[in-house]
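**Student:** Coordinates for the following, if possible.
(2 chains)
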Protein chains: 2
Amino acid sequence: MAELTKETIMLTANGLFSKDGVREVSIDDICRKLCISKKTFYQFYAQKEDLVADVVTYNVKRKKAEFEKFVEGKNIVQILKSMFALVNKKKTIDRDKRMVKDIMKYYPETFTKHAEDRSKAMHQFFVERFREGMEQGLVRTDMDVDGIQLLICIMHDGMADYLEGDHHFDWVKVSFKSLTAAFEDIVTRVVLTPRGFAEYSSLEKKS
Amino acid sequence: MAELTKETIMLTANGLFSKDGVREVSIDDICRKLCISKKTFYQFYAQKEDLVADVVTYNVKRKKAEFEKFVEGKNIVQILKSMFALVNKKKTIDRDKRMVKDIMKYYPETFTKHAEDRSKAMHQFFVERFREGMEQGLVRTDMDVDGIQLLICIMHDGMADYLEGDHHFDWVKVSFKSLTAAFEDIVTRVVLTPRGFAEYSSLEKKS
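**Tutor:** Got it, this is the predicted structure:
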């Protein structure tokens, strides 16, 4: 057997958490999977909370790297196109995974900290891409970038809440498909110039 | 003194609640204002909750009548224009009044019921105006009415939460002016046809 490292424990926990959520998976379960004793486990992690924090940090880094690769070399039109194509392929928004839900519920501080960091990073990323897009003639120069960007974030998160049934608008029945199509419609019409919008639509036909 | 009616009590309570909130105003305060005994009060209302329910019903009806008068004889372009003009004149969104906050907090069932009725009525109202606008060539016929309408509601409420500081995006600093301008920008660009948008802009110059 390979030498036991903190990373091995963390990756094993990540695998189990992803499958069954954080609450359901005990330290015993993790030890069993690794064929180690609890005593050995506690040499690496003093408490489950620390392990959860490491798992969250790992996933945040991984998702960040994935996202950077995903948008690399793309202009704002291509980024929006790829993101909406990805959303439309799914039947739900990522956030409803059990692990994320459990962390939100049982480790709210860890969750809030990372969610805030992620929101800030995404906000910054889009503000920069919008500025670039303006120079390229693809993004409207006459829009209030901060206001629009915030409303897009509010819409995105409200949409995710709605789809999870956790919203006071749940008396309106709108399908996932309608909602994401409407979201794409709003974002592209508000952000892009006629030239940007034409470029966006031409990508539509190709894909 | 004029004859004491249930309505007099309700209107007096409404006046006090509007000023100081529901929590701060006791039945004693209401009796003092009306120069009546608590015994007399209880002949009309068995408990404060019933009085609150009547006050809410009264305000809902009043606001509904106000809104109907406000939009009477207007097409969708004129309705949007007047609504945004009204919002832009304010420095905050209506919802942050103390009475409403107290009802939300201490009488959640009463609040939820009415908020839901109001949301449904507004949704229905706008869906109908959008359909009319489509026939008049002012509203895009190629949009998903239900999806767009829901996202506009989500945006509106998320915006109100943000302005009250009750939102996880409160690390982004966006002014009321920027936010409402962005909201107007989004709604008009997404809902209106080029002709509708031109008509909207021409109203801008006149007002």
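**Student:** From residue A:107, how far off is residue A:113?
**Tutor:** Applying Cβ to Cβ, to the nearest Å, the value for residue A:113 to residue A:107 is 10 Å. Every C-beta, even on glycine, is put in place using the N, C-alpha and C of the backbone.
**Student:** What's the first helix or strand after the longest helix along chain A?
**Tutor:** In chain A, assigned by DSSP state H, the helix with the most residues is helix A:108-135. Moving toward the C-terminus from helix A:108-135, the next helix or strand (DSSP states H and E) is helix A:145-163.
**Student:** helix or strand right after that following helix?
**Tutor:** helix A:176-191.
**Student:** For that next one, buried residues please.
**Tutor:** Buried residues in helix A:176-191, counted by 16 or more other Cβ atoms under 10 Å in any protein chain shown: A:176, A:178-191.
**Student:** returning to what we had before: what residues sit buried inside the longest helix of chain A?
**Tutor:** Counting neighbours by 16+ other Cβ under 10 Å, helix A:108-135 gives A:110, A:111, A:114, A:115, A:119, A:123, A:126, A:129, A:130, A:133, A:134 as buried.
**Student:** Residue A:13 versus the residue lying closest to residue A:6 once chain neighbours are set aside, what's the distance?
**Tutor:** Once flanking residues are discounted, residue A:6 sits nearest to residue A:44: 4.9 Å by Cβ to Cβ, 6 or more residues apart in numbering or on different chains. To residue A:13, residue A:44 is 11 Å away according to Cβ to Cβ.
**Student:** Who has more neighbours out of these two?
**Tutor:** residue A:13 (25 against 17; other Cβ atoms under 10 Å in any protein chain shown).
**Student:** Tell me how far the more buried one lies from residue A:24.
**Tutor:** For residue A:13, the distance to residue A:24 - Cβ to Cβ - is 12 Å.
**Student:** wait, what's in contact with residue A:10?
**Tutor:** Going by Cβ atoms under 8 Å, 6 or more residues apart in numbering or on different chains, residue A:10 touches A:51, A:54, A:55, A:58.
**Student:** Against chain B, how distant is the second one?
**Tutor:** Applying Cβ to the nearest Cβ, to the nearest Å, one obtains 23 Å for the distance of residue A:54 from chain B.
**Student:** State the number of residues packed around residue A:101.
**Tutor:** If you count neighbours by other Cβ under 10 Å, residue A:101 ends up with 16.
**Student:** three-state assignment of it?
**Tutor:** helix (DSSP: H, G, I helix; E, B strand; the rest coil).
**Student:** That one touches residue A:21, doesn't it?
**Tutor:** Yes: between residue A:101 and residue A:21 a contact is recorded at 7.1 Å, counting by Cβ atoms under 8 Å.
**Student:** list the buried ones in the helix or strand where residue A:8 lies?
**Tutor:** Counting by DSSP H and E, the element that carries residue A:8 is helix A:6-20. Neighbour counts over helix A:6-20 (16+ other Cβ under 10 Å) mark A:9, A:10, A:12, A:13, A:14, A:16, A:17, A:18 as buried.
**Student:** Not counting its neighbours along the chain, what's nearest the last one?
**Tutor:** In space, and not counting its chain neighbours, residue A:18 is closest to residue A:99: 5.4 Å by Cβ to Cβ, 6+ apart.
**Student:** Establish whether stretch A:139-159 and chain B are in contact.
**Tutor:** Yes: under the criterion of Cβ under 8 Å from any Cβ of the partner chain, chain B is reached by stretch A:139-159 at A:143-144, A:146-148, A:150-151, A:153-155, A:157-159.
**Student:** Top of the residues you listed by number of neighbours, please.
**Tutor:** Ranking the residues of stretch A:139-159 next to chain B using other Cβ under 10 Å puts residue A:151 first, with 29 neighbours.
**Student:** from memory it sits against residue B:183, does it?
**Tutor:** Yes: using Cβ under 8 Å, residue A:151 is in contact with residue B:183, at 6.3 Å.
**Student:** Which residues are in contact with each of those two?
**Tutor:** B:155, B:159.
**Student:** can you pull the contacts of residue A:150?
**Tutor:** A:123, B:162, B:169, B:172, B:174, B:179, B:182.
**Student:** Quick one, which of these has the minimum pLDDT?
**Tutor:** Lowest pLDDT within the contacts of residue A:150 is found at residue B:169 (70).
**Student:** if I pick that one, what's in contact with it?
**Tutor:** A:119, A:150, A:153, A:154, B:162.
**Student:** got JSON lines for the residues of stretch A:139-159 next to chain B, with pLDDT too?
**Tutor:** Below are these laid out as JSON lines (pLDDT from 0 to 100):
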{"residue": "A:143", "pLDDT": "92"}
{"residue": "A:144", "pLDDT": "91"}
{"residue": "A:146", "pLDDT": "88"}
{"residue": "A:147", "pLDDT": "91"}
{"residue": "A:148", "pLDDT": "93"}
{"residue": "A:150", "pLDDT": "90"}
{"residue": "A:151", "pLDDT": "92"}
{"residue": "A:153", "pLDDT": "88"}
{"residue": "A:154", "pLDDT": "90"}
{"residue": "A:155", "pLDDT": "91"}
{"residue": "A:157", "pLDDT": "85"}
{"residue": "A:158", "pLDDT": "87"}
{"residue": "A:159", "pLDDT": "88"}
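**Student:** For residue B:197, state which of these is nearest.
**Tutor:** The closest of the residues of stretch A:139-159 next to chain B to residue B:197 turns out to be residue A:143 (Cβ to Cβ; 14.3 Å).
**Student:** Spit out the contact partners of the nearest residue to that closest one once chain neighbours are set aside.
**Tutor:** The shortest distance from residue A:143 to any non-neighbouring residue, by Cβ to Cβ, 6+ apart, is to residue B:185 (6.2 Å). Counting by Cβ under 8 Å, 6+ apart, residue B:185 makes contact with A:143, A:144, A:147, A:148, A:190.
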